[in-house]
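Q: sequence and predicted structure are below.
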Amino acid sequence: MLKKIDIDYLWEGLVLCFDVYDSSGRVLLLNKGETLTDEKINKLKKFNPDDCRVSIDYTYYDEIMSGLDAPVFIRERLFEDNFGYTRLCHEIESLFSMWVKHRYIDSDKAMQIMRAIYKKSEESSFADILQCIQAPRKKQDKLYRHSLNVAFLNAKIGSWLKLSDEDIKMLILSGFLHDVGKIKLFSALLNSKGMSEKEEIEMLKKHPVYSYDMLSLYGRFDERVCMAVRTHHENMGGGGYPEGVESDEIPVFGRITSLSNVYDNAVSSESYDDKKNCFTVYRQLYEQEFGGLDMQLVNIFLKNMMKELVNTEVLLSSGKTAVIKKMFSDSLDYPIVDFNGYIRKTDEELYCKQIFIK
Ligand SMILES: [Fe+2]
């Protein structure tokens, strides 16, 4: 019996212990014993571009889907699919693309996405959320992943601040809608031939206002959400954009979204080679390297992050795994770990690289 599998779950270097048929199961595409190459994977994708699946013997399906022996990016994909992260990203993408087609932000759909993120953040461990956040992003899904990550981080900060459920929901909306104005900006930049770099930067700085206008136009978004998206690039000391307001003039939801935005941008990478170390980012936050943030919020963020990360499995610089046992606010990049029953403090030689991908 054959079972359909997404081609994206097969990887270069996999030695096939099964024949590969097209998605209908009628055409034999690859023989058992062959080694998959990128070229062969691309050919499989081109065979039926409308249905990027192939069929394999069902007895091997679970083995492939267990992720055992699979490279890290396949394990990450499996994890995100099972977690529901992939689906949420697609939901955000389809919400944003509605604006491209119809110049309309569907507030009912936005509320649905918000409820799904709220439920997910309630039932998931923070380590699982961080695992999705730390995954490399392709150019085409960067905006959607970033929007979802900021929503998850906003939800977490809201719960650490013991805000009401209603406030947390507003923070989630602020999180995944804060950069929606970039969709309008991308269309504008596409049609702007001959613009200088300086002009482009000035244009980019308009995205919080675009986000605000897009949300306030439909009138069904809470004013706190509209203001949070408008102020997520303002600085506590002034000098941010679009208004350059400072300190108490920046609403709390805007300050929270700004912190989530800075954190997610700092840990974002495009490939596993240039992957950022989140532990270094914690230290940078503590040492105020990013500037402009509400340090009271940063301290609450770090204090709770230290608690949440205890007993989380991490990948060490040696390639081995360990479990975090204690973190220190003045050396956030070097936690104490349990390394095969041996408790030691990590350091420049042996350090934590990232949350371990299950
Ligand atoms: Fe932004």
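A: Ah, there it is. Residues are numbered from 1 along each chain as shown.
Q: any low-confidence regions in the stretch 201-350 of the chain?
A: Applying pLDDT under 70 to the stretch 201-350 of the chain flags residues 219.
Q: show me the helices in it, by range?
A: Using DSSP state H, counting those that start in this stretch, the helices found in the stretch 201-350 of the chain span residues 207-216, 223-230, 252-267, 278-286, 295-309.
Q: which parts of the longest one are buried?
A: Neighbour counts over helix 252-267 (16 or more other Cβ atoms under 10 Å) mark 252-264, 266-267 as buried. In this view, the C-beta of every residue, glycine as well, is placed from N, C-alpha and C.
Q: do stretch 72-87 as well
A: Ile74, Arg75, Glu76, Arg77, Leu78, Phe79, Glu80, Phe83, Gly84, Tyr85, Thr86.
Q: pull the most distant pair out of the residues you listed.
A: The two members of those with the most space between them (Cβ to Cβ) are Ile74 and Gly84, at 17.8 Å.
Q: any idea how far Leu171 is from Ile117?
A: For Ile117, the distance to Leu171 equals 10 Å [Cβ to Cβ, to the nearest Å].
Q: again, but for Asp69
A: Taking Cβ to Cβ, one finds Asp69 at 40 Å from Leu171.
Q: equivalent analysis for Met214, please.
A: 18 Å.
Q: which residues touch Gln284?
A: Gln284 makes contacts with Ala266, Phe290, as judged by Cβ atoms under 8 Å, 6 or more residues apart in numbering.
Q: with Ser192 instead?
A: Ser192 touches Glu199, Glu200, Met203, counting by Cβ under 8 Å, 6+ apart.
Q: can you give me the neighbour number for the first one?
A: When counting by other Cβ atoms under 10 Å, one arrives at 11 neighbours for Glu199.
Q: follow-up on the earlier one: looking at Met214 and Leu171, which one has more neighbours?
A: Leu171 (30 against 22).
Q: with distance to Phe356 added, can I get the helices of the stretch 201-350 of the chain in TSV?
A: Below are those laid out as TSV (distance: least, Cβ to Cβ, whole Å):
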stretch	distance to Phe356
helix 207-216	35
helix 223-230	33
helix 252-267	15
helix 278-286	12
helix 295-309	12
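Q: ok, which of those helices comes nearest Arg344?
A: helix 278-286 (15.3 Å).
Q: any idea how far the closest one is from the chain center?
A: 17 Å (Cα atoms, centre = their mean, to the nearest Å).
Q: now do the strands in the stretch 51-200 of the chain.
A: 53-57 (DSSP state E, counting those that start in this stretch).
Q: show me what contacts the residue lying closest to Tyr85 once chain neighbours are set aside?
A: Leaving aside its sequence neighbours, Tyr85 sits nearest to Cys132 (Cβ to Cβ, 6 or more residues apart in numbering; 4.5 Å). Cys132 sits next to Phe79, Glu80, Phe83, Tyr85, Asn149, Phe152 when contact means Cβ under 8 Å, 6+ apart.
Q: got it, and Pro242?
A: Lys205, Lys206, Pro208, Val209, Arg230, His233.
Q: quick check: phi and psi at it.
A: phi -90, psi -20 (degrees, to the nearest 10).
Q: hang on, the earlier thing: select only the buried ones of the contacts of Pro242 in PyMOL?
A: Burial among the contacts of Pro242 is assessed by 16+ other Cβ under 10 Å; the matching PyMOL selection reads:
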select buried, resi 206+208+209+230+233
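Q: farthest-apart pair in the contacts of Pro242, please.
A: Lys205 and Arg230 (12.2 Å).
Q: quick one, domains of the chain?
A: Structurally, the chain divides into domains by automatic domain parsing as follows: 2-69, 74-276, 309-355.
Q: just name the most buried of those domains.
A: Per residue and on average, the most neighbours among these fall to domain 74-276, with a mean of 18 (mean count of other Cβ atoms under 10 Å).
Q: endpoints of that domain, how far apart?
A: Domain 74-276 has its terminal residues 19 Å apart, counting by Cα to Cα, to the nearest Å.
Q: also stretch 53-67?
A: With Cα to Cα, one end of stretch 53-67 sits 17 Å from the other.
Q: what residues does that stretch touch?
A: 1-7, 9-10, 17-25, 29, 44, 70, 74-75, 78-79.
Q: Met98 touches Lys109, doesn't it?
A: Yes - with contact defined as Cβ atoms under 8 Å, Met98 reaches Lys109; the gap is 7.4 Å.
Q: pretty sure Asp333 sits against Glu348.
A: No - taking Cβ under 8 Å as the definition, Asp333 is not a contact partner of Glu348, at 9.3 Å.
Q: now Leu163: how far from Ala155?
A: 10 Å.
Q: joint contacts of those two?
A: Joint contacts of Leu163 and Ala155 (Cβ under 8 Å, 6+ apart) are Leu171.
Q: fine, thanks again, bye for now.
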